[in-house]
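A.B. asks: Structure of the sequence below:
(4 chains)
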Protein chains: 2
Amino acid sequence: MTKRKVAAGSRRKRHDNGSAVVKFGPLADWVGFNLRVAQEAAFQAFSKLSREIGEHPGRFAILTLIAENPGISQTTLSNAAGRDKSSMTPVLEDLVRRGLVQRRKTDSDRRTYRLSLAPAGTRTLAKLNVCARTHEDNLDRAVGPRDRARFLRTLRRIAAALN
Amino acid sequence: MTKRKVAAGSRRKRHDNGSAVVKFGPLADWVGFNLRVAQEAAFQAFSKLSREIGEHPGRFAILTLIAENPGISQTTLSNAAGRDKSSMTPVLEDLVRRGLVQRRKTDSDRRTYRLSLAPAGTRTLAKLNVCARTHEDNLDRAVGPRDRARFLRTLRRIAAALN
DNA sequence: TATTGTTATACTCTATAACTATA
DNA sequence: TATAGTTATAGAGTATAACAATA
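C.D. replies: Prediction:
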């Protein structure tokens, strides 16, 4: 497509069907920009895998956090996930409605819910873990086994430094 | 840990004001998860800097791409930014309205616009570049000068592999 | 017929503030 | 007074499909 016989036209972008060569300039060397592009690509890839099993990609972190911290409250969960508690309400509502998460009131403080995984939630999380494993294998291939530990350490340092 | 000896209360999370210690389990070792957390922290930090000069963080990439490719069309720009062309319409509308970007029709193909920076756009981009420089300095400090090149290479490999 | 850019529309994700019920 | 969770609402940011003008 757009072959053009080599430079018959005088313009750099004869037809410009949207696939013209674009210069990224200094953008190409900024860590921030490359971080965003890499994360977007990775998230898209994981989204695709999780949609194949009929699950939202964002549910993976939530279900894992509940599994690892049975009895956790919604507020604590929100903070761990880095979101406001009000953002969690519809998510939990969905997970409870679909029988993946159990909510029970405590006696000691009847304002809070204690969250835990229902059996269906454990099964869904297992399926999401398969997705994550596949995804991680793809990432590891891109990162390379030698650099993985160092790469992880760098990512953690970035998160720690900019918070 | 697991000190308990103090243990006046019988529960691990007496009041739970949302700051309880949370276990991240396997999440903590997934590259995908750490990539997301790092990118979110970095994006938040850049957002703060750009909001301080009254600009949306997302405008930085757009203005840079236009500056580096004067005469670029909206469709080409959209593809370079990885978004649908319809997503670009309100963004460009805003930039043109504020006098940062110039749009002119071409003679050769009167369907397309040719985009370029107006003087005000060049000035705004310069200010955004100062933000980006500051941001990049913070990132570089977290990454470390030795690892920077390797880190960038890894990010690019991830983006290339998962697309 | 195909493409550029716009419109109409809708969906996701997120936050802020006000509210309730408890504490 | 303060906190847990909900509600109402709004704002980004994005996409899909249909469209008018042009190729």
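
A.B. asks: What ranges does chain A have for its strands?
C.D. replies: A:101-105, A:113-117 (DSSP state E).

A.B. asks: okay, which residue is most central for chain A?
C.D. replies: Note on chain A: the residue nearest the mean C-alpha position is residue A:43, at 4.8 Å, using Cα atoms, centre = their mean.

A.B. asks: wait, isn't residue A:43 in contact with residue A:57?
C.D. replies: Yes: shown here, residue A:43 and residue A:57 form a contact pair, counting by Cβ atoms under 8 Å, at 6.9 Å. For every residue, glycine as well, the C-beta is placed using N, CA and C.

A.B. asks: Which residues of chain A lie near DNA strand D?
C.D. replies: Residues of chain A lying close to DNA strand D by Cβ under 7 Å from any atom of the strand are A:73-76, A:85-86, A:88-89, A:92-93, A:109, A:111-113.

A.B. asks: which residues does the residue nearest to the centre of chain A contact?
C.D. replies: A:57, B:32, B:36 (Cβ atoms under 8 Å, 6 or more residues apart in numbering or on different chains).

A.B. asks: overlap between these and the residues near DNA strand C?
C.D. replies: Filtering the contacts of residue A:43 for neighbours of DNA strand C using Cβ under 7 Å from any atom of the strand leaves residue A:57.

A.B. asks: Buried only: go through the contacts of residue A:43 for me.
C.D. replies: With burial judged by 16 or more other Cβ atoms under 10 Å in any protein chain shown, the buried subset of the contacts of residue A:43 is A:57, B:32, B:36.

A.B. asks: What's the separation between residue A:57 and DNA strand D?
C.D. replies: Computed as Cβ to the nearest atom of the strand, to the nearest Å, the residue A:57 to DNA strand D distance reads 15 Å.

A.B. asks: swap that for residue A:146, please
C.D. replies: Separation of residue A:146 from DNA strand D (Cβ to the nearest atom of the strand): 33 Å.

A.B. asks: From residue B:150, how far off is that residue?
C.D. replies: If you measure residue A:146 against residue B:150 using Cβ to Cβ, to the nearest Å, the figure is 10 Å.

A.B. asks: These two: which is more packed in?
C.D. replies: Under the criterion of other Cβ atoms under 10 Å in any protein chain shown, the comparison of residue A:146 against residue B:150 puts residue B:150 first, with 16 against 8.

A.B. asks: The more buried one against residue A:143, yeah?
C.D. replies: No: counting by Cβ under 8 Å, residue A:143 is not a contact partner of residue B:150; they are 10.5 Å apart.

A.B. asks: what residues are up against residue A:139?
C.D. replies: Counting by Cβ under 8 Å, 6+ apart, residue A:139 makes contact with A:42, B:31, B:32, B:35, B:158, B:162.

A.B. asks: ditto for residue A:158
C.D. replies: For residue A:158, the contacting residues are A:35, B:38, B:41, B:42, B:139, B:142, B:143, by Cβ under 8 Å, 6+ apart.

A.B. asks: quick one: low-confidence parts of chain A?
C.D. replies: Of all residues in chain A, those with pLDDT under 70 make up the ranges A:1-18.

A.B. asks: quick one, longest helix in it?
C.D. replies: helix A:119-143 (DSSP state H).

A.B. asks: which residue packs closest to residue A:124, ignoring adjacent ones?
C.D. replies: With sequence-adjacent residues excluded and distances taken as Cβ to Cβ, 6 or more residues apart in numbering or on different chains, residue A:124 is closest to residue A:100, at 5.5 Å.

A.B. asks: Thanks again, I'm all set now.
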